[in-house]
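K.L.:
Everything below, folded, please.
(2 chains)
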Amino acid sequence: MKIATFNINGIKARAQALPAWLDEAQPDVAVLQEIKSVDEAFPREIIEERGYNLETHGQKSFNGVAILSKLPLEDVHRGLPGDDEDVQARWIEATVVGKQAIRICGLYLPNGNPVELNADGTPVAGGKYDYKMRWMARLQARAEALLASETPFLMAGDYNIIPQAEDARRPEAWLEDALHRPESRAAYQRLLNLGLTDAFRARNSAPGQYSFWDYQAGAWNRDDGIRIDHFLLSPQAADLLRDCQIDKEVRGREKPSDHVPVWVDLDL
DNA sequence: ATGTCCTATGTGATAGGA
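P.N.:
Down below sits the predicted model:
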């Protein structure tokens, strides 16, 4: 089963590029981020006419996630638990049943910039970095709950985290950025410490493998990228991992997203 | 090193997010 993640940066702007990639890559399941659309305005036909089931969790203008699958999507949940006040659409999960069932979580983790810190180094309450750290604490809790349920699961999406220096062309430029600061990296490491596996790093140890290149400053032409789109696998899901790849060439096409798809092949 | 793109508003140019 091929499962992909793709931050499309706007469904309306990607109405050509997304179906073109689906036709070529033929994922069984895909999670999308930054659909930037309310559910009612999502052009469902470009997904459904390709034989996919579709569940969206959108909002006006920003954010928004979706999951599509050739198999039925069961027990769909929208929104990351832990804060009833949070109105940002960044989390969707559903169960897909192949040889066995797997819980698939699609996420768009907050960017976190600009970083605002108090004198003691803690994030300023109510700021964007504070929101990122609080969201990651909720993500940790959700991962713990899923582990306790003993269901195979994966959490895929735009984590807005550069895990290690080798995941950036210019790591020194990101040291103070919310995507690579020590607090952000430590929170990501705490997820791994639960026993989750970074699928890409389990299959590829080479540096210079990126999933995002900024539209600005010729970042793509200079290969000035970062790896911020990740698959974290539960232990039972990791046992099924056959492959994990980045569809880098998608970034060089007509009217691309600033992210490219990442996918795993699982034996189920 | 800020050289771009996307969305909303509202119909042209700005603002905000990334």
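K.L.:
Could you use CA atoms for every contact and neighbour count after this?
P.N.:
Noted.
K.L.:
Could you give the backbone dihedrals for the most centrally placed residue in chain A?
P.N.:
For chain A, the residue nearest the mean C-alpha position is residue A:157 (0.8 Å; CA atoms, centre = their mean). Phi and psi for residue A:157, reported as degrees, to the nearest 10, are phi 160, psi -160.
K.L.:
ok, now how distant is it from DNA strand B?
P.N.:
Plainly put, residue A:157 is 13 Å away from DNA strand B if you go by CA to the nearest atom of the strand, to the nearest Å.
K.L.:
again with residue A:5
P.N.:
As judged by CA to the nearest atom of the strand, residue A:5 and DNA strand B stand 16 Å apart.
K.L.:
circling back to that earlier point, hmm, the residue nearest to the centre of chain A is touching residue A:30, no?
P.N.:
No. Contact criterion CA atoms under 8 Å: residue A:157 and residue A:30 do not qualify, at 9.8 Å.
K.L.:
Which neighbours do those two have in common?
P.N.:
Common contacts of residue A:157 and residue A:30 (CA atoms under 8 Å, 6 or more residues apart in numbering): A:5, A:6.
K.L.:
Give me every residue in chain A lying close to DNA strand B.
P.N.:
A:9-14, A:36-37, A:60-62, A:110-113, A:215-218, A:255-257 (CA under 7 Å from any atom of the strand).
K.L.:
which of those residues count as buried?
P.N.:
The neighbour count (16 or more other CA atoms under 10 Å) marks A:9-11, A:14, A:36-37, A:62, A:110-113, A:256-257 as buried among those.
K.L.:
residues near the nearest residue to the residue nearest to the centre of chain A once chain neighbours are set aside, how many?
P.N.:
The spatially closest residue to residue A:157, leaving aside those adjacent along the chain, is residue A:107, at 4.8 Å (CA to CA, 6 or more residues apart in numbering). Close neighbours of residue A:107, defined as other CA atoms under 10 Å, add up to 30.
K.L.:
Skipping adjacent residues, who's closest to whatever residue of the stretch 51-200 of chain A ends up closest to DNA strand B in space?
P.N.:
Proximity of the stretch 51-200 of chain A to DNA strand B (CA to the nearest atom of the strand) peaks at residue A:61, 3.6 Å away. Leaving aside its sequence neighbours, residue A:61 sits nearest to residue A:36 (CA to CA, 6+ apart; 5.0 Å).
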